[in-house]
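Asker: when you get a sec, could you give me coordinates for this:
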Amino acid sequence: MKKVVAFAVAAPLFALAACSGSSDQDSVRSEIAGVRATAQAADQKATEALATAQRAAQDAALANQKVDRVFNSGLRK
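Answerer: Next up, the predicted model:
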């Protein structure tokens with residue numbers, strides 16, 4: 001994910017280098033800031049989603065163990 005963020009920030013930098021006027025450069029800088037903020041927000045959401053998925057997997061594993069215990073105790077009766 002970090003590579004995507006780096007690419008999203010680096011691509012507009014090449015556009016900035018090609019700009020000739022000060023207003024063009026300011027416009028590209030503003031666009032870069034927007035792209036950077038969007039990429040960082042997406043990275044944060046992906047990180048949060050990964051953490052949530054890991055917690056859900058742990059909860060599912062615990063639930064599965066409980067079901068197995070109940071089922072196995074029923075077989076012993």
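
Asker: any idea which element residue 29 lies in?
Answerer: Under the criterion of DSSP states H and E, residue 29 resides in helix 22-76.

Asker: give me the mean pLDDT for that helix.
Answerer: The average pLDDT within helix 22-76 is 93.

Asker: roughly how far is it from the heart of the chain?
Answerer: Its chain's average C-alpha position is 7 Å from that of helix 22-76, according to Cα atoms, centre = their mean, to the nearest Å.

Asker: any idea how far the residue nearest the centre of the chain is from residue 52?
Answerer: In the chain, the centroid-proximal residue (Cα atoms, centre = their mean) is residue 46; its distance is 2.1 Å. Distance from residue 46 to residue 52, counting by Cβ to Cβ, to the nearest Å: 11 Å. Just so you know, the C-beta spots here come from the backbone N, C-alpha and C atoms, and that holds for glycine as well.

Asker: repeat for residue 37
Answerer: 22 Å.

Asker: now residue 31
Answerer: Relative to residue 52, residue 31 is positioned 32 Å away (Cβ to Cβ).

Asker: and for residue 62?
Answerer: For residue 62, the distance to residue 52 - Cβ to Cβ - is 16 Å.

Asker: kindly report the same for residue 43.
Answerer: Distance from residue 43 to residue 52, by Cβ to Cβ: 15 Å.

Asker: of these two, which one has the most company?
Answerer: Between residue 43 and residue 52, counted using other Cβ atoms under 10 Å, residue 43 has the larger neighbour count: 15 against 10.

Asker: what's the local residue count around residue 32?
Answerer: 18.

Asker: residue 40 too?
Answerer: Applying other Cβ under 10 Å, we find 13 residues neighbouring residue 40.
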